[in-house]
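In: coords please:
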Amino acid sequence: MRGNTTVAVSSTGRIMPVIGISLMTIVSAVVGLNVALPDIARATGATQTQLTWIIDAYTVVFAALLFFAGALGDRFGRKALLLVGLTIFGLAAVAGAFVDTPTGLIGVRAAMGLGAAAVMPTTLSVITTSFPEEERPRAIGVWVGIAGAGAVVGLFITAILLELFAWQSFFWLNAGLAAISVVGTLVVVPDSVDEHPPAVDVVGGLLTLVGMGLLVFGIIEGPERGWSDWITLVALIGGAAGLAAFVWWELGREQPLLDPRLFAVRGFSVGSLAIAVTFFCWFGLIFSILQYLQFVIALSPLEAALRMLPIPFLLIPTARLAPRLAARFGFRHLVPLGMVLLAVGLYVVSLSQVDLNYPVFALGLLIGAAGMGLSGTPATTAVTEALPAAKQGVASAMNDTARELGSALGIAVLGSTLNQVYRDGLVDHVAGLPQQAADAVLGSVAFTTSPELARLGERGQQLAELARQSFVDGVSAALVVAAGVALVTAVVVLVFAPRQDHRDQ
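Out: Okay, here's the model as predicted:
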C-alpha cells in the first residue's frame, strides 16, 4: 500500500507541468552539452579523453544509481527525493558556470548525474501514485514523450544559446530550469511513501556505481594511458569484478534492487539488450558527429544541430508505426530489422570525409533514425510485457537503466575508438615538435586552430590537415564499431527472443 495514492483531479493538471519540466531538465542535459564541446575544448584546453569524460560522467552516475534512487523514494518520500535531486542538479549546474578546467567540469557533470538519478524515477513514481487510474495512462504517455523528445530539445536550445552566449549558458539554463522545478514541486507535488518499503540496498547501489565507473574509466582512458597500462587494466578488471559482485550480492537478498534471475525471462533480457544497444549506437553517433561537424567541417553549434534535423522526420513516424508492425510481425522479427537499418545508417554516415557530402550524410541519418524507431518501441514493450503486473516497477526501472547504461557505454566505447584512431594517425607526424605542442595535437583536434600551431608555418598547416583527416578516420571507425554491435544484436534477438510475445505469470 502507498501512503498517498491519488490526489484531487483538479490538482493533477498542475502536477503534470512541474513533472514535465523536471524530467525535461535532466533528459536534455544528457545530449545538450555535446554541441558545446568544441567551445569547451578551445576554452579549457580539454583533450579528447577529457571531452568524453565531460559528457559521460553525467551518464555513468545517472545510469548506475537509477534503481537505488527509486528505492530511496519509496522509503523516504518521493517529493523529498525529487527536491533533493533537483537541488543537487541545480547547484552543480551553477558550479559548472564558474568552473574553467576540464577536471572541474567532469566533477560538476558527475554531481549533476547524481541529482538526475534521483529525479527521473521519482517523476514517474509521482504520476503512478498521484494520478487517478483513469488519468494515469495519458499522464504516463506524456512522460514517455518528454523523455524521448527531451534530448533533441536540449540539443537545439543549447545550440541557439551558443549562438548568443558562451558555453557557460548551458549550465545557467539547467540551473534555471532546476530552480523553477524546485518551486513547482514545493507548491503542487504531493508527497507519498510506501507503507512497507523494502530495505535500502546501499551495498548494491555502491557496487553498481563502482563497477560501472571503473569499467567506463578503463574504456575511456585506454587510448591515452595505453591498454597495457596498469591503471587501465586495474580499472577494467575492477569494473568487471564490481559488476560480478553486484550479481552475487543481489542473488542473496530477499528484496534485491534488481533480481538477476529476471534475466532468465528471455523477453526481459533480450528486450533490455535491444534497448541498451539502440542507445549505445545513437548516443555514440551524436557524440561523434557533432564534433565532426564543428571541428572538421567548421560549422557553428546551431548549424551543426540543424544538420541533425533529418532524424525526427523518420524517427517519430516509425516509432508510432512500430507497435502495429510488432503486433503483426512480432518483436522477434521487427527488432532485428530495425537493428539492421540502424547498422546500415551508421555505416553510411561513416563514409563521411573531410569535405561534407550532406545528401549522403543525411541519408545515413534517415536510415538510422528509421531503424531506431522500429527497434526502440517494441524492445521497450517486450521488457514490460515479459513481467507480471506486480513487477512493472522493475520493468520500468530496467527500461530507464538500459537506456542510460547503453548511452554511457556508447559514448565511452565509441569515444575511445575515435580517440585511439585519431592518436594513431598522428603519433608519427608530431616527432620533432616541442613536447607541449605534440601533446596538445595528440590530445585534441581543437588545437589545430590554435595560434601555436599557426606559428609553425607550412608544417603547422600540414599537421592541421592531417589532424582533421585522422579525426574523420576516428569517427568512421567508431561508427563502424557501432554498426557491428547493431548487427550482432540483430542476430542475438532473432535467435534468442521468445517466439511468442506474452506476459509471464
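In: so which residue is dead centre in this protein?
Out: Ser407 (3.5 Å; CA atoms, centre = their mean).
In: is it true that it touches Phe280?
Out: Yes. Using CB atoms under 8 Å, Ser407 is in contact with Phe280, at 7.1 Å. C-beta here means a position set from N, CA and C on the backbone, and glycine is covered the same way.
In: which of the helices and strands in this protein ranks last by mean pLDDT?
Out: None of the helices or strands of the chain scores lower by mean pLDDT, DSSP states H and E than helix 451-454, at a mean of 68.
In: still on that earlier bit, and the residue nearest to the centre of the chain, how close does it get to Arg499?
Out: 30 Å (CB to CB, to the nearest Å).
In: ok, Ile160 - contacts?
Out: Leu302 (CB atoms under 8 Å, 6 or more residues apart in numbering).
In: does it count as helix, strand or coil?
Out: Using DSSP: H, G, I helix; E, B strand; the rest coil, the structure places Ile160 in helix.
In: quick check, pLDDT for it.
Out: For Ile160, the model assigns a pLDDT of 95.
In: ok, so what distance separates it from Pro301?
Out: Using CB to CB, one gets 8 Å for the distance from Ile160 to Pro301.
In: again with Leu325
Out: Computed as CB to CB, the Leu325 to Pro301 distance reads 36 Å.
In: of these two, which one has the most company?
Out: Pro301 (25 against 17; other CB atoms under 10 Å).
In: so where's the stretch 301-450 of the chain shaky on pLDDT?
Out: Where the stretch 301-450 of the chain drops to pLDDT under 70, the residues are 389-390, 392-393.
In: restricting to C-alpha, output the strand or helix carrying Gln436 in CSV.
Out: Taking DSSP states H and E as the definition, Gln436 sits inside helix 435-443. Extracted in CSV, the C-alpha atoms of helix 435-443 (Å, rounded to 0.1, in the frame of the first residue of the first chain):
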residue,chain,number,x,y,z
GLN,A,435,56.6,18.3,-26.4
GLN,A,436,53.9,20.7,-25.3
ALA,A,437,52.7,21.2,-28.9
ALA,A,438,52.9,17.5,-29.7
ASP,A,439,50.9,16.6,-26.6
ALA,A,440,48.3,19.2,-27.5
VAL,A,441,47.8,18.0,-31.1
LEU,A,442,47.6,14.3,-29.9
GLY,A,443,45.2,15.4,-27.2
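In: now it: buried residues?
Out: For helix 435-443, burial by neighbour count (16 or more other CB atoms under 10 Å) applies to 437-438, 440-443.
In: and of those residues, the nearest to Ala92?
Out: Nearest to Ala92, judged by CB to CB, of those is Gly443 at 25.7 Å.
In: my guess is that closest one meets Thr44, correct?
Out: No. Using CB under 8 Å, Gly443 makes no contact with Thr44, being 11.7 Å away.
In: what's the domain layout of the chain?
Out: Domain segmentation of the chain under automatic domain parsing yields 1-200, 202-252, 264-505.
In: and the second one, what's its mean pLDDT?
Out: Here domain 202-252 scores 92 as its mean pLDDT.
In: same question for stretch 86-93.
Out: 97.
In: name the surrounding residues that touch it.
Out: 22, 25-26, 29, 108-109, 111-112, 114-116, 118-119, 171-172, 174-175, 178-179, 181-182, 185.
In: with stretch 243-259 instead?
Out: Looking at what lies outside stretch 243-259 - CB under 8 Å, 6+ apart - the contacts are 67-68, 71, 198-199, 201, 203-205, 207-208, 211-212, 215, 260-261, 394, 397-398, 401.
In: buried ones in it?
Out: For stretch 243-259, by 16+ other CB under 10 Å, it's 243, 245-246, 249-250, 256-258.
In: again with stretch 324-337
Out: 325-326, 330-337.
In: count the residues that sit near the nearest residue to Trp53 once chain neighbours are set aside.
Out: In space, and not counting its chain neighbours, Trp53 is closest to Ile106: 4.7 Å by CB to CB, 6 or more residues apart in numbering. Residues within reach of Ile106, counting by other CB under 10 Å, total 21.
In: quick one: residues contacting Ile106.
Out: Contact analysis of Ile106 by CB under 8 Å, 6+ apart lists 50, 53-54, 57.
In: out of these, flag the one nearest to Ile40.
Out: Lowest distance from Ile40 to these (CB to CB) belongs to Ile54, with 6.7 Å.
In: skipping adjacent residues, who's closest to the closest one in space?
Out: Leu105 (5.0 Å).
In: who are the neighbours in contact with that neighbour?
Out: Contacts of Leu105 by CB under 8 Å, 6+ apart are 40, 44, 46, 54, 96, 99.
In: now do the SS call for the last one.
Out: In this case it means Val99. coil.
In: ditto for Leu257
Out: coil.
In: just the pLDDT at it, thanks.
Out: 82.
In: and the gap between it and Thr87?
Out: Separation of Leu257 from Thr87 (CB to CB) stands at 24 Å.
In: what is the helix or strand encompassing Val31 packed up against?
Out: Assigned by DSSP H and E, Val31 belongs to helix 9-31. With contacts taken as 3 or more CB pairs under 8 Å, 6 or more residues apart in numbering; DSSP states H and E, helix 9-31 sits against helix 48-64, helix 78-96, helix 102-130, helix 136-164, helix 169-188, helix 266-291.
In: tilt between it and helix 102-130?
Out: Calculated by axes from the mean of the first three to the mean of the last three CA atoms, to 10 degrees, helix 9-31 forms an angle of 160 degrees with helix 102-130.
In: what's the angle from helix 9-31 to helix 169-188?
Out: Using the same axes, to 10 degrees: helix 9-31 against helix 169-188 is 160 degrees.
In: which element follows helix 9-31 toward the C-terminus?
Out: Assigned by DSSP H and E, the successor of helix 9-31 is helix 37-44.
In: so for that following helix, mean pLDDT?
Out: Averaged over helix 37-44, pLDDT sits at 92.
In: pull out the buried residues from it.
Out: By neighbour count on 16+ other CB under 10 Å, the buried set for helix 37-44 is 37-42, 44.
In: again with stretch 383-391
Out: 383-387, 391.
In: contacts only, for the nearest residue to Gly150 once chain neighbours are set aside.
Out: Nearest in space to Gly150, with sequence neighbours left out and distances taken as CB to CB, 6+ apart, is Val27 at 3.1 Å. Residues in contact with Val27 (CB under 8 Å, 6+ apart) are 120, 146-147, 150-151, 154.
In: out of these, which is most surrounded?
Out: Going by other CB under 10 Å, Met120 tops the contacts of Val27 with 28 neighbours.
In: show me what contacts that residue?
Out: Neighbouring residues of Met120 by CB under 8 Å, 6+ apart: 23, 26-27, 62, 66, 69, 147, 400.
In: and Leu405, by the same measure?
Out: Taking CB under 8 Å, 6+ apart, we find Leu405 in contact with 63, 212, 276.
In: from those, which is closest to Ser352?
Out: Ala276 (25.6 Å).
In: residues near the closest one, how many?
Out: Ala276 has 24 neighbours, counted by other CB under 10 Å.
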